[in-house]
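S.K.: after the sequence you'll find the predicted model.
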Amino acid sequence: MISTNADGIHFVLSGPDNHIRNSFVTRTLDDALAIDSIDLATEVSKSGPRQLTVQRSFYRRFPNGTAVNFVDPSTAEELAGAAIVSQSPAGSSSPTLNGTVDLTFDRDLPTTIAAGYGMVFAKAEDRGAGSSIEGNEVKEISFGRGVYIAGAEGVSVERNRIEHSSNAGIGVFQNVTSYPGPPAHDIMIATFSAQ
């Protein structure tokens, strides 16, 4: 028997202070517990030092004022970016699946960014800062990890019991192909039991 055909509990593009506590997850067909922050968009072209055209990732939104960085898909390096000041079509309209958006920023962008670079949230609070995965029990994960963290910042993983996962018990990842995103950092992992 299975409990889900995908993840158990998953915070996608998580904001600050999310907590997965005292939960029991078993027999998922992907990761049991997950927090991630993946690309908002991919650069299509650069028309000026402060202007980019990007292709939205799915239906992702990035309102004016959002601070973003850029990720080099060949090195996985995160480069400091700028804040979005305007966009067309307007950010308030319903986004089109994988639609293109013309963006203008509050300062010049790094000269090295090019087509194919990922655009990601720059601020830690937009990438899960202050979140935790603690006091959980995970069992019999046939095709995934017990805990999966990708692109997040400032997340703690404590006092979890993880039994029989097919992949990592606790995995901290950066992927630039399948689910591209920024590097994870400032992740604290403490006191867990894996079998």
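M.R.: In hand now; what should we look at?

S.K.: for Gly154, give me its contacts.
M.R.: Shown in contact with Gly154 (Cβ atoms under 8 Å, 6 or more residues apart in numbering): 124, 127-131, 186-187. Backbone N, C-alpha and C define where each C-beta goes, glycine included.

S.K.: nearest residue to it other than its sequence neighbours?
M.R.: Leaving aside its chain neighbours, Gly154 sits nearest to Ala129 (3.6 Å; criterion: Cβ to Cβ, 6 or more residues apart in numbering).

S.K.: for the one you found, report the pLDDT, please.
M.R.: On pLDDT, Ala129 comes in at 97.

S.K.: which one's the longest strand in this structure?
M.R.: Looking across the chain with DSSP state E, the single longest strand is strand 78-88.

S.K.: what's that strand packed up against?
M.R.: Applying 3 or more Cβ pairs under 8 Å, 6 or more residues apart in numbering; DSSP states H and E, one finds that strand 78-88 makes contact with strand 67-71, strand 100-105.

S.K.: winner for burial among these?
M.R.: Per-stretch averages of neighbours, counted by mean count of other Cβ atoms under 10 Å, single out strand 67-71 among these, with a mean of 22.

S.K.: centre of the chain to that strand, how far?
M.R.: Mean-position distance between strand 67-71 and its chain equals 12 Å (Cα atoms, centre = their mean, to the nearest Å).

S.K.: state the mean pLDDT of it.
M.R.: Averaging pLDDT along strand 67-71 yields 98.
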